[in-house]
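K.L.:
okay, sequence plus prediction incoming.
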Amino acid sequence: MNAAPSGTNNFKVVLLGEGCVGKTSILLRYIEDRFNDKHLTTLQATFLNKKLNINGKRINLSIWDTAGQEKFHALGPIYYRNSNGAILVYDITDEESFGKVKNWVKELKKMLGSDIVLVIAGNKIDLEHERMVPLEEAETYAEMVGAKHFYTSAKLNQGVEELFLELTREMAERFERNSQAENNRSARVLVVDDETPTQSSCCSGNRST
Amino acid sequence: MSSSSVEDIPEQCRDLFTQDGVLLKACMGRSISDLNSIGMLCIVQNTDSSKCIEWRPNDLITIDSDTQDQEWAVVNTIGRRQRTLSGNMTSDYAAARARIIRIPIRDLKTFKCSRNNQQMQFSTKPGVWHNTFYFQHGNAEIFVSNLKNHVKTAKTRHDRNTYVVVEPNLESQELNRSFAELDIFTENTTDVVWNFVSNFKQRPYATTMEAFSKLNDIVYYGNETMNGKRDVSEEVADLLTKSMSALEDATSVTRSDEYEVINVKPTLPPRPCIPRGTPLSTEKWEGLHDTEGRITEVEGVKQLIFRGSLVEKDVNRTDRTHPFFAGDNNPNLIVLQDILMTYVMYNFDLGYVQGMSDILAPLLLLLGNEVDSFWCFVGFMDKIASNFDMDQAGMKQQLLNLQLLLTFASPELARHVASKDSGNMYFCFRWLLVWFKREFSHADIMR
């Protein structure tokens, strides 16, 4: 949680989820308002910036897009550490991808505790007729883990703007609360150099939560 | 419900239930102009006692009320009304008639109520939603509960909002017919009461709740749509008729089937068919068995089956701008997928990893032959398999080497990179993973 001297808040957001659920598409829709159903598989994390002004408060979002496949799971920590928010994306036509969201939630809670704001996005609602993840199950689960749930379609531009707005609002609110409550928090969060690329596993548990 | 002469008129249907404020959102084989028009969703009974779900556009209702009996205007009337196709109909009317959508209840396989009771979908064939309706007032659950009086349903396991019609039971249809002939709810009231009582004895809770839910629906529905235009006595009359007809149906179903059959019959809900390609062929499947026909790696097989979909998804977004892979249904995509799936079987421990399709695509493009491309790909993967290992150890080692090189070649740049929190060099991940395939133009890669 970095407050720049100018009064602008910088928030880091990470997009996580199984391969081909639409993480890149959601981001492209949000930042550039375009959609391409044949864009390339994301093989390494990239990030895009978005500047927002919410109620006179300037907010800078750095949004990290990650590679989704389970095989790249080990890269997750590199991108979610120091994140203020995570968007966990699943494909409503793919039950497996919803299971993956649950895994991410578990891992993020374990590694970052309540420092991170979670939102869950059920993407591809343009394929409603192929839905495999029951509406109620997803919403109940999200509520249980304290995450907001959104239905999105990057293709039809539905729910994407709302998703980011709500996440940003929530992050800003939490930031306010935390900075008021404890001033030493930022110092604690900035200690991050304990993780080097040679480390074999992301879950070695050397970070207390 | 008062007309007694109705039996004399040909082609009559009886509305068992109607609900207005229903938009047609999607219907197979309908022209777009029909969609999004507002109308009424009904359950109707034909003269032969067979039942239908029927949607009528509102303009039809208006036309009809102008030319025909006033009863049409009373949208909520539950009872008998005539519908004839006599000569004095205008052509407008005939055209409007053509826009009616009818789904015979005996053909209904599944239906779904979703989006907070705003949407209902019907299917007469597994895997296809033929009709989608949008309920303006978000009260689709009322229709569902009424529909459930006419069909036996079971909820699917994976989606609480999807109902599978358990039976289009001819026996119960026969019985329904005979019940209809008895005209039980206008004359044989004592029978109905008796049925209610016997039914109540057999399953008191369900019977009571059913009756209550009927009452509740009517009250709720009446408020929602009629804006208090109907007078109370009419509403009460409807209430009675409805609860009785509900009883009639419940009773007939119970009698015909001893009602426990629902639980006994192991009917699998038809799953929507989601195309996932054909990841597992017979030969591959046979190959998974050991000498005694056992499957040795159950988890591996599961993964293999799931991976199939990811391979397909990735193939569909690999180099699609290149003419060789461009366009829909490009046969080269199938070859690409087949090679990858063969490789998954060939190197079972590694499986498919995103990025492999990037490496294979130029090989296939160059060789243009499935077999040669496969073996070239195998050879290439032998070289770089560590890039795709689960623990990413190969990639991490390479990135570390790269960082060392950078520190040696340009300490200043290395320091800068480190100061920007990127000393781990992960921004080079993709370069190394697929050998710069994504970083250069296609022409340069093929050189």
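P.N.:
Looks like it arrived, so ask away.
K.L.:
now the residue of the stretch 1-150 of chain B found nearest chain A: closest residue in space that isn't a chain neighbour?
P.N.:
Per Cβ to the nearest Cβ, residue B:129 is where the stretch 1-150 of chain B lies closest to chain A, at 4.8 Å. Yep, even glycine has a C-beta here, placed from its N, CA and C like the rest. Excluding the flanking residues, the one nearest residue B:129 by Cβ to Cβ, 6 or more residues apart in numbering or on different chains is residue B:121, at 4.3 Å.
K.L.:
what about that neighbour, helix or strand, and which?
P.N.:
Counting by DSSP states H and E, the element that carries residue B:121 is strand B:119-123.
K.L.:
compute the number of surrounding residues for residue A:173.
P.N.:
Neighbour count of residue A:173, defined by other Cβ atoms under 10 Å in any protein chain shown: 11.
K.L.:
gap between residue A:111 and residue A:58?
P.N.:
29 Å (Cβ to Cβ, to the nearest Å).
K.L.:
compare those two (neighbour count), which wins?
P.N.:
residue A:111 (18 against 14).
K.L.:
now do stretch B:436-447, average pLDDT.
P.N.:
Average pLDDT, stretch B:436-447: 91.
K.L.:
can you tell me what sits against it?
P.N.:
Here stretch B:436-447 makes contact (Cβ atoms under 8 Å, 6 or more residues apart in numbering or on different chains) with A:40, A:43, B:319, B:322, B:358, B:359, B:362, B:365, B:366, B:430, B:431.
K.L.:
make it 6 Å
P.N.:
Here stretch B:436-447 makes contact (Cβ atoms under 6 Å, 6 or more residues apart in numbering or on different chains) with B:358, B:362, B:430, B:431.
K.L.:
isn't there a helix covering residue A:82?
P.N.:
No - counting by DSSP: H, G, I helix; E, B strand; the rest coil, residue A:82 falls outside a helix, being coil.
K.L.:
the residue of chain A positioned farthest from its centre and chain B, how far apart?
P.N.:
The centre of chain A is farthest from one residue, residue A:129, which by Cα atoms, centre = their mean lies 26.4 Å away. With distances taken as Cβ to the nearest Cβ, to the nearest Å, residue A:129 is found 5 Å from chain B.
K.L.:
and the pLDDT at that residue?
P.N.:
Residue A:129 is given a pLDDT of 91.
K.L.:
which ones are touching it?
P.N.:
Applying Cβ under 6 Å, 6+ apart, the residues near residue A:129 are residue B:129.
K.L.:
quick revisit: verify the contact between the residue of the stretch 1-150 of chain B closest to chain A and residue B:122 for me.
P.N.:
No - applying Cβ atoms under 6 Å, one finds residue B:129 not in contact with residue B:122, separated by 7.1 Å.
K.L.:
who has more neighbours, the two?
P.N.:
Shown here are residue B:129 and residue B:122; by other Cβ under 10 Å, residue B:122 has more neighbours (24 against 21).
K.L.:
pretty sure the more buried one contacts residue B:111?
P.N.:
Yes - with contact defined as Cβ under 6 Å, residue B:122 reaches residue B:111; the gap is 4.9 Å.
K.L.:
around chain B, pick out the residues from chain A.
P.N.:
With Cβ under 6 Å from any Cβ of the partner chain as the criterion, chain A meets chain B at residues A:19-20, A:38, A:41, A:43-44, A:69, A:71, A:74, A:78, A:96, A:129-130, A:134, A:136, A:197.
K.L.:
narrow these to just the buried residues.
P.N.:
Buried by 16 or more other Cβ atoms under 10 Å in any protein chain shown: A:19-20, A:41, A:43-44, A:69, A:71, A:74, A:78, A:96, A:130, A:134, A:197, out of these.
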